[in-house]
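Trainee: okay, here's the prediction I keep looking at, along with the sequence it came from:
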Amino acid sequence: MDRSSGKVYTMQFWLLCFSNLLFSASFNMMIPELPAYLSSLGGEDYKGYIIGLFTLMAGLSRPFSGKLTDTIGRIPVMVFGSLVCVVCSLLYPLVSSVGAFLLLRFFHGFSTGFKPTGTSAYVADLVPFTRRGEAMGVVGLFSTIGLSLGPSIGGSIANAWGIMTMFRFSAVFALLSVVILIGMKETLHNRQSFRPRLLKISRHEILEPLVWAPMVITFLTYFSYGALLTIIPDFSAYLGLQNKGLFFTFFTASSIGIRLLAGKASDRYGRVPMLKISATLMAISMVMIGMANAPAALLAGALVYGVALGINSPAVTAWTIDLGLPEHRGRALGSMYIALEAGIGLGAFCSAGWYNNRPEHFPMVFYIMAGVTIFATIYLMFIYRNKYVRLMRKMIRVRLRSH
C-alpha cells in the first residue's frame, strides 16, 4: 500500500483485512442467538433494543473516534474498538437480567464506533485516489466474510456447546484481531499523545459538512439493514428455516461476489451512478423479502440484497473520503458512520415496533423499508447537487487558511 508507487496489496494491507475479518466475525457471530437469549431472560418485548442500543452507542462515539483518529492515530483507535469486543464478549455470560443485558449491549457499541473509523482512514492514507473504491471493496470484502462466517460459526458453537461458549469464542476472535494490529505501522503523521482534553468535542467537530450527501444515502440505505438484523431471525423461523443465520450467509455470499467489481466500477464510472443502482436493487430486495412465503423465496431476496449492499458499501465509503478534507478524514468518516448507525438503529427500533411479535406484520415492515430505500435513488437523481459540495469545500479551505 505505497501511495507513491500506486501499489495497493502489500502485507500491511492484508494484515488489516484479516484483522477486519476477525473483528467482524466476533460481534456478528452472536447476532442470530441474541433474540432467543434475551427472551430467556424475560426480555422478549425488547428485541429491537439488541441492535438499537448497540448502534446508538456506536453513533454517539463516532465524533470521539473521528477526532482521536485524526490526532492520536489510526491504530490506537482500531485497537480500542477491538478490545471493547473482547471485554463485552466475556461479560455476556455474567449477565442475569434484562437491564444488565441491555446496558452491556449499549457499551458493546463502542467497538463499531471506533474500529471501522480507524480502518477506513488507515486505508485512505495509503491508497491512490484512482484505486480507492477498489481498496475499500477489498477491505469490505473481508469484513463481509466475517459477517458471513460469524453467524454460522456462532450458531454451530451455540448448538454444540451452548451460548456461553459461543460468547467466549467471540472474545477470542476479537483478541486475535488486536494481535494483528499491534505489529502494524501507523500512517498518521504528527501524532499527538492521548490526553483527556482530546475527548472534548466542539460543535464543529461532530459532523463534517462536506459529506452530507453520503450521510443521507448511508442513512436511507442502512435503515433496512437494521430491520433485517432485528426481525429476520423470527421471520426465518416462521418460514421454517432451522438455521437462523442462513439468511445472513446468503446475502453476505452474494455481497462477497460483487464487492471487488463494484469497487473498481465506482473508481471508473463514479460513486453516484453506482449508488443509484445499489439503492434501487435494495428496494427491490425488500419487496422480494416481504413477498416471501417459503425459505427459497426468502433466500432469493437475501441474494439480491447482498448484491445491493456489496455495491453500496465501497462506493459510499470512497465517496465520503473523496469529498472530505485529508486533515479531517477521521471526522468525515465518523460522520458517515454516524448516519450508518442512525439508520441501523432507527430501522431496528421501528421494525421491532411495527412487527410487534405478530407474524402477519412481516410483509408490511419490508414494504415500508423498500419505500425508505427508494428515496435514496430519488435523492441522488433530483436533489443532490455536486456544485454545492465544491462550494462548501472551497469555503472550508479558506476558513482553515485564515486560522
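Mentor: Received the coordinates, thanks. Residues are numbered from 1 along each chain as shown.

Trainee: helices of the stretch 101-250 of the chain, residue ranges please.
Mentor: 110-126, 132-161, 163-182, 212-238, 246-269 (DSSP state H, counting those that start in this stretch).

Trainee: Leu346: which of those is closest?
Mentor: helix 212-238 (6.4 Å; Cβ to Cβ). C-beta here means a position set from N, CA and C on the backbone, and glycine is covered the same way.

Trainee: and the closest one, what does it pack onto?
Mentor: Counting contacts by 3 or more Cβ pairs under 8 Å, 6 or more residues apart in numbering; DSSP states H and E, helix 212-238 packs against helix 34-40, helix 47-71, helix 246-269, helix 271-291, helix 295-323, helix 329-355, helix 362-378.

Trainee: buried ones in that helix?
Mentor: 212-236 (16 or more other Cβ atoms under 10 Å).

Trainee: could you check the angle helix 271-291 makes with that helix?
Mentor: For helix 212-238 against helix 271-291, the angle by axes from the mean of the first three to the mean of the last three Cα atoms, to 10 degrees is 20 degrees.

Trainee: tell me the centre residue of the protein?
Mentor: Leu340 (6.7 Å; Cα atoms, centre = their mean).

Trainee: that one and Leu103: what is the separation?
Mentor: Counting by Cβ to Cβ, to the nearest Å, the separation of Leu340 from Leu103 is 23 Å.

Trainee: next: Met274.
Mentor: In terms of Cβ to Cβ, Met274 sits 40 Å off from Leu103.

Trainee: quick one: which of these two has more around it?
Mentor: Met274 (24 against 14; other Cβ atoms under 10 Å).

Trainee: didn't the more buried one look like it was pressed against Thr317?
Mentor: No - assessed by Cβ atoms under 8 Å, Met274 is found out of contact with Thr317, at 11.8 Å.

Trainee: Arg385: neighbouring residues, count only.
Mentor: 10.

Trainee: the helices of the stretch 101-250 of the chain: which one's closest to Leu188?
Mentor: Nearest of those (Cβ to Cβ): helix 110-126, 7.2 Å.

Trainee: for the record, mean pLDDT for that closest one?
Mentor: Averaged across helix 110-126, the pLDDT comes to 87.

Trainee: what do you get for stretch 234-249?
Mentor: pLDDT averaged over stretch 234-249 gives 82.

Trainee: repeat for stretch 287-302
Mentor: The average pLDDT within stretch 287-302 is 94.

Trainee: how long is that stretch from one end to the other?
Mentor: From its first residue to its last, stretch 287-302 covers 11 Å (Cα to Cα, to the nearest Å).

Trainee: contacts for that stretch, please.
Mentor: With contact meaning Cβ atoms under 8 Å, 6 or more residues apart in numbering, stretch 287-302 is reached by 235-236, 239-241, 246-248, 250-251, 254, 285-286, 304-305, 362-367, 370.

Trainee: could you do stretch 77-92 as well?
Mentor: 19, 23, 26-27, 30, 65, 68-69, 101, 104, 107-108, 110-119, 122, 164, 167-168, 170-171, 174-175, 177-178, 181-182, 330.

Trainee: stretch 68-76 too?
Mentor: 77, 117-119, 121-122, 125, 181, 184, 186-188, 191-194, 198, 327-331, 333-334.

Trainee: gap between the two ends of it?
Mentor: End to end - Cα to Cα - stretch 68-76 spans 9 Å.

Trainee: got the contact list for Gly118?
Mentor: For Gly118, the contact set (Cβ under 8 Å, 6+ apart) comprises Ser65, Thr69, Arg74, Ile75, Pro76, Val77, Met78, Gly81, Gly330.

Trainee: please list only the buried members of the contacts of stretch 68-76.
Mentor: Using 16+ other Cβ under 10 Å as the burial test, the contacts of stretch 68-76 include 77, 117-119, 121-122, 125, 181, 184, 187-188, 328-331, 333-334 as buried.

Trainee: returning to what we had before: can you tell me which of the helices of the stretch 101-250 of the chain is packed in deepest?
Mentor: With neighbours defined as mean count of other Cβ atoms under 10 Å, the helices of the stretch 101-250 of the chain peak in mean count at helix 110-126, which reaches a mean of 27.

Trainee: I'd say Met166 and Ser152 touch.
Mentor: No - judged on Cβ under 8 Å, Met166 makes no contact with Ser152 at a distance of 11.7 Å.

Trainee: check Ile201 and give its pLDDT.
Mentor: pLDDT, read off for Ile201, is 81.

Trainee: picking up where we left off before, adding distance to Leu38 and pLDDT, write the contacts of Gly118 out as TSV.
Mentor: As requested, the contacts of Gly118 are arranged in TSV below (distance: Cβ to Cβ, whole Å; pLDDT from 0 to 100):
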residue	distance to Leu38	pLDDT
Ser65	27	88
Thr69	33	91
Arg74	34	92
Ile75	34	93
Pro76	33	93
Val77	30	93
Met78	29	95
Gly81	24	93
Gly330	34	86
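
Trainee: in JSON lines: those, plus distance to Ser143.
Mentor: Shown next, in JSON lines, are those (distance: Cβ to Cβ, whole Å):
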{"residue": "Ser65", "distance to Ser143": "17"}
{"residue": "Thr69", "distance to Ser143": "17"}
{"residue": "Arg74", "distance to Ser143": "16"}
{"residue": "Ile75", "distance to Ser143": "17"}
{"residue": "Pro76", "distance to Ser143": "20"}
{"residue": "Val77", "distance to Ser143": "16"}
{"residue": "Met78", "distance to Ser143": "13"}
{"residue": "Gly81", "distance to Ser143": "13"}
{"residue": "Gly330", "distance to Ser143": "18"}
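
Trainee: thank you kindly, that will do.
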